[in-house]
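> Structural data only, the sequence is not supplied:
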C-alpha cells in the first residue's frame, strides 16, 4: 500500500505519517505541500485539513482506488460555530468516502456517524534523565493562544513555568507577553534533557481529543497533570496511575504533585503497526 505523506517535517501529523510508514515498511509518496498528481490505490493518507488545502474534494479526486485514512485534529464545537461547521463537513466527506477510517481515541470516534476504528497514538520510549528542578512546571509542544498556557500563568505566579517548544507562526507578539520561559524549537535529545528538568509535567489543553504531547511525557515515564476531559478520562482508564485529572484547580494539584519517573508503558510503533496491518487486512487492502 502506498502512503501519501504531506507536510513539513516536524509537524506532528507528518511525523505520525512518517512513523507509520516506517513501521509498516510502506512505499512513500512524499509532498511538502499538497499536490494534484493522480494516485492509483490502495492509498493510505494521514490527514489533517490544515495540510490538505482545508478540503476533502481535492484528495478524493486524486485517489482512483481504495483509500485508507488516519484522521487527526478532529473538529470540536469549542472552535466556534462557523469554523466547526466548515471543518466537520470536510471530515465527514472523507470518512464516508474512505474504505478504512481510523482515529486516535474513542472520544474522536464519537464525532462520526460512520464506522471508524480506534488506534491510539504510540507512546515513544524517551531516555530522559530524571533531574527535576524544584518549582518548575512544564508544558510540551507548540505554543499558541487557547491551549491553556495562560491559565497556568494566572494560577501559578510563584512557579517557574517552562514551555518546551516553539511559538506557532503568527502568534509571536502574543507569546512575547507571556510571563514564562519559552525554549523555542528543541531537537529530540534537547527535549529529553529539558523534560527531565521539569518537576511538574502538565497538559493544560482546553480542548483536545488526542495528544502527542501527553504520549511524549508518558514515554519518558512521567506522571502528568492533565485538564479533565473525555479524552483525558479515556487515557486514565487505559493507563491507570499515569495521569492526574485537573478540574480547574491548578494551584492545589500542582502543590500536591510529587515528581516521579516510572517505566514507560509498552505501546510503541510495533504495537501500533500490528493494529494497522490487521485493520487493512480485514478491509481487504493488503
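Alright, I've got the coordinates. This structure is a prediction, so every number in the text was calculated from the model and none was measured.
> where's residue 59, which helix or strand?
Residue 59 is part of helix 57-62 when elements are defined by DSSP states H and E.
> after that helix, next one along is what?
According to DSSP H and E, the helix or strand after helix 57-62 is strand 67-71.
> pLDDT of the following helix or strand past that next one, averaged?
Per DSSP H and E, the first helix or strand lying C-terminal to strand 67-71 is helix 81-97. When pLDDT is averaged along helix 81-97, the result is 95.
> what packs against helix 81-97?
In terms of contact count using 3 or more Cβ pairs under 8 Å, 6 or more residues apart in numbering; DSSP states H and E, helix 81-97 is assigned the packing partners helix 57-62, strand 67-71. Every residue, glycine included, has its C-beta placed from N, CA and C.
> As JSON lines, those with mean pLDDT would be great.
Rendered in JSON lines, the data for the helices and strands packed on helix 81-97 read as follows (pLDDT from 0 to 100):
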{"stretch": "helix 57-62", "mean pLDDT": "95"}
{"stretch": "strand 67-71", "mean pLDDT": "98"}
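> so which of the ones you listed is the most packed in?
The highest average neighbour count among these, using mean count of other Cβ atoms under 10 Å, belongs to strand 67-71 at a mean of 24.
> And for that strand, what's in contact with it?
Contact partners of strand 67-71, identified using Cβ atoms under 8 Å, 6 or more residues apart in numbering, comprise 1, 16-17, 20, 41-48, 60, 91, 94-95, 97-103, 108, 119, 280, 283, 285.
> one more time with 7 Å, if that's ok
Where contact means Cβ atoms under 7 Å, 6 or more residues apart in numbering, the residues beyond strand 67-71 that reach it are 41-47, 91, 94-95, 97-103, 280, 285.
> Run through the helices of the stretch 1-150 of the chain in chain order.
Listed in chain order, the helices found in the stretch 1-150 of the chain under DSSP state H, counting those that start in this stretch are 12-23, 57-62, 81-97, 106-109, 149-155.
> can you redo those helices as CSV with distance to residue 31?
Output for these, formatted as CSV (distance: least, Cβ to Cβ, whole Å):
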stretch, distance to residue 31
helix 12-23, 10
helix 57-62, 11
helix 81-97, 17
helix 106-109, 25
helix 149-155, 32
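> So which of the ones you listed is nearest residue 218?
Each of these was scored for nearness to residue 218 using Cβ to Cβ, and the closest is helix 12-23 (15.5 Å).
> State the distance from the residue nearest to residue 100 when sequence neighbours are not counted to residue 55.
Distances taken as Cβ to Cβ, 6 or more residues apart in numbering put residue 68 closest to residue 100, at 3.9 Å, once the chain neighbours are dropped. When distances are taken as Cβ to Cβ, to the nearest Å, residue 68 and residue 55 turn out to be 19 Å apart.
> And for residue 174?
With Cβ to Cβ as the criterion, residue 174 and residue 55 are 28 Å apart.
> do the same with residue 197
Applying Cβ to Cβ, one obtains 43 Å for the distance of residue 197 from residue 55.
> repeat for residue 74
Using Cβ to Cβ, residue 74 is found at 16 Å from residue 55.
> same question, residue 113
20 Å.
> Same check on residue 227?
Applying Cβ to Cβ, one obtains 31 Å for the distance of residue 227 from residue 55.
> Between the two, point out the one with more neighbours.
Neighbours per residue, other Cβ atoms under 10 Å: of residue 227 and residue 55, the larger number sits with residue 227, 20 against 16.
> I figured the more buried one hits residue 205, correct?
Yes: between residue 227 and residue 205 there is a contact at 6.1 Å, judged by Cβ atoms under 7 Å.
> what sits in contact with each of the two?
When contacts are counted by Cβ under 7 Å, 6+ apart, residue 227 and residue 205 have residue 148 as shared neighbours.
> quick one, helices of the stretch 151-286 of the chain?
Ranges of helices within the stretch 151-286 of the chain are 172-176, 188-196, 212-219, 230-238, 250-256, 269-282, based on DSSP H, counting those that start in this stretch.
> out of those helices, nearest to residue 123?
The closest approach between residue 123 and any of the helices of the stretch 151-286 of the chain, judged by Cβ to Cβ, belongs to helix 212-219 at 4.8 Å.
> So which elements touch that closest one?
In terms of contact count using 3 or more Cβ pairs under 7 Å, 6 or more residues apart in numbering; DSSP states H and E, helix 212-219 is assigned the packing partners strand 136-140, strand 200-203, strand 224-227.
> again, 10 Å this time
In terms of contacts (3 or more Cβ pairs under 10 Å, 6 or more residues apart in numbering; DSSP states H and E), helix 212-219 is packed against helix 12-23, strand 136-140, helix 188-196, strand 200-203, strand 224-227, helix 230-238, strand 243-246.
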